[in-house]
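A.B. asks: coords please:
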Amino acid sequence: MSDHDIDPTSPRMAPKPEVTKIAGRELKPSTLMMGHGYDPVLSEGSLKPPIFLTSTFAFPSAADGKRHFEGITGKRPGGADGLVYSRFNAPNQEILEDRLSVWDGAEDALSFSSGMTAICVLMLAYASQNDVIVHSGPLYAASEGFVAKVLAKFGVTYVDFPAGATREEIDAVLEKAQTQADEQGGKVCMVYLESPGNPTNALVDIEAVRASVDAAQLDCPIAIDNTFLGPLWQRPLDQGADIVVYSLTKYVGGHSDLVAGSIAGAKKWMDPVRMLRNTMGGICDPNTAWMLMRSLETVELRMSRAGDNAAKVCNYLAKHPKVEGLGYLGMIKDARQQDIYDRHCKGAGSTFSLLLKGGEAECFRFLDALKIAKLAVSLGGTETLASHPASMTHLSVAEGRRAELGISDNLVRISIGIEDADDLIADFEQALEAV
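C.D. replies: Predicted coordinates:
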């Protein structure tokens, strides 16, 4: 249960202090996932947090209720001091958010009902009429579509730049965006990144973006979708991002059995989003939050195994005569991309793009012939998944835009799971025979 709703004057109910350090040693996230943010004493000694299936919470006094609502409504800074109503906060969600903060070294985190809910509420919290959003490309199709189609209804425009852009190129884009904002009577409200980009695995130089934003003296957050590499293989807040975004459906959930999302960062960036989430709803439900806490206990193990498998599979695929290329971060051929990888990433991940010799027909034959890998969208699960972005996840993107972003008809996106690597190689080998 959240520490906030415990009477601090009662020693019997006082929560135990959080243990984050032992003998001067900072505990690692994988250790903290086993109990951070939860005291069994507060829930009848239950080792794991119960699922709190309630819509509302009883206040100790009317004065407490008033104080909580002063925080919820923003009349007093800092948010609610305790549990109020499950659209705002609840025990499972608060424990989950505490643990998500640990992985990225963030001050605060917010959970949502899906990754796209997190992204949409985040953008709505910061974008006003006639503002400009600067974003990298490629983005997940739904993210790009929300900016280009939905926010456009309210006069919000965008300027984009390719993932591997240099500092000078980013400077020029920000100058263009500022000019555009001035002409529209708005401001540059957000720089939104996705790195690696979906589905090409193209990397963004976060440090260069940070330097450009600072040089331009822009008062806006840098947000980044870290779903492909987080939370294990990349920590964007360390490189200067302000807000890190996740589809928790992917690696964090990791079992292809839930849908959720989150953002994390400094409290000053989280508070406006929290206020809008309080109004709109979209908070993660308690059962999903509980399942995500379960998954966080093994996220390092699962991602490490999948990463090892991907390295073995890609080593095989890179030598196959029917493979034209691989968008795998462990085999980068571009010097600029390798430089970004060396500075930003702690691992190559387990999701990559496979370029086959041919086009859509060859990709479809390959996908239809798979026996272990499943033909399905999404990524980061325990099972290996494969899909065809041009005709599936990115079908809504205009053909010319897809070509510009490198989402070609011969590209297959593969997310490697935790099966036996040799079995996966055998599956890809027999599927390639059908091409």
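
A.B. asks: only C-alpha atoms from now on, for both contacts and neighbour counts.
C.D. replies: Noted.

A.B. asks: okay, which residue is most central for the chain?
C.D. replies: Tyr246 (1.6 Å; Cα atoms, centre = their mean).

A.B. asks: just the strands in the stretch 51-200 of the chain please.
C.D. replies: Secondary structure of the stretch 51-200 of the chain, counting by DSSP state E, counting those that start in this stretch: strands at 108-112, 132-137, 157-162, 188-194.

A.B. asks: just so I know, which of those lies nearest Ala434?
C.D. replies: Smallest distance to Ala434 across the strands of the stretch 51-200 of the chain (Cα to Cα): 32.7 Å, for strand 132-137.

A.B. asks: what's the burial count for Pro286?
C.D. replies: Residues within reach of Pro286, counting by other Cα atoms under 10 Å, total 22.

A.B. asks: if you could redo that for Asp182, that was the one I meant.
C.D. replies: So Asp182, with other Cα under 10 Å, has 15 neighbours.

A.B. asks: the one 3 residues further on too?
C.D. replies: Residues within reach of Gly185, counting by other Cα under 10 Å, total 11.

A.B. asks: and the gap between it and Gln217?
C.D. replies: The spacing between Gly185 and Gln217, counted by Cα to Cα, to the nearest Å, is 18 Å.

A.B. asks: again, but for Phe146
C.D. replies: Following Cα to Cα, the distance that separates Phe146 from Gln217 is 26 Å.

A.B. asks: who has more neighbours out of those two?
C.D. replies: Phe146 (15 against 9).

A.B. asks: so for that one, what's the pLDDT?
C.D. replies: Here, the pLDDT recorded for Phe146 equals 97.

A.B. asks: now swap in Asp108 and tell me
C.D. replies: 97.

A.B. asks: wait, doesn't it sit right on Ala266?
C.D. replies: Yes: contact criterion Cα atoms under 8 Å: Asp108 and Ala266 qualify, at 5.9 Å.

A.B. asks: neighbour count for those two, which is higher?
C.D. replies: Taking neighbours as other Cα under 10 Å, Asp108 and Ala266 compare with Asp108 leading, 22 against 16.

A.B. asks: still on that earlier bit, pLDDT on the helix or strand where the residue nearest to the centre of the chain lies, on average?
C.D. replies: For Tyr246, the host element (DSSP states H and E) is strand 243-247. For strand 243-247, mean pLDDT is 98.

A.B. asks: from the chain's centroid, how far away is that strand?
C.D. replies: For strand 243-247, the separation from the chain centroid amounts to 3 Å (computed by Cα atoms, centre = their mean, to the nearest Å).

A.B. asks: and what of stretch 24-36?
C.D. replies: 21 Å.

A.B. asks: what do you get for stretch 34-49?
C.D. replies: 27 Å.

A.B. asks: just the buried positions in it, please.
C.D. replies: Neighbour-count burial for stretch 34-49, with 16 or more other Cα atoms under 10 Å as criterion, is recorded at 34-40, 42, 49.

A.B. asks: try stretch 208-223
C.D. replies: In stretch 208-223, counting by 16+ other Cα under 10 Å, buried: 208-210, 212-213, 218, 220-223.

A.B. asks: swap in stretch 139-146?
C.D. replies: 139-144.

A.B. asks: so what touches that stretch?
C.D. replies: 116, 119-120, 193-194, 197-199, 393-394, 396-397 (Cα atoms under 8 Å, 6 or more residues apart in numbering).
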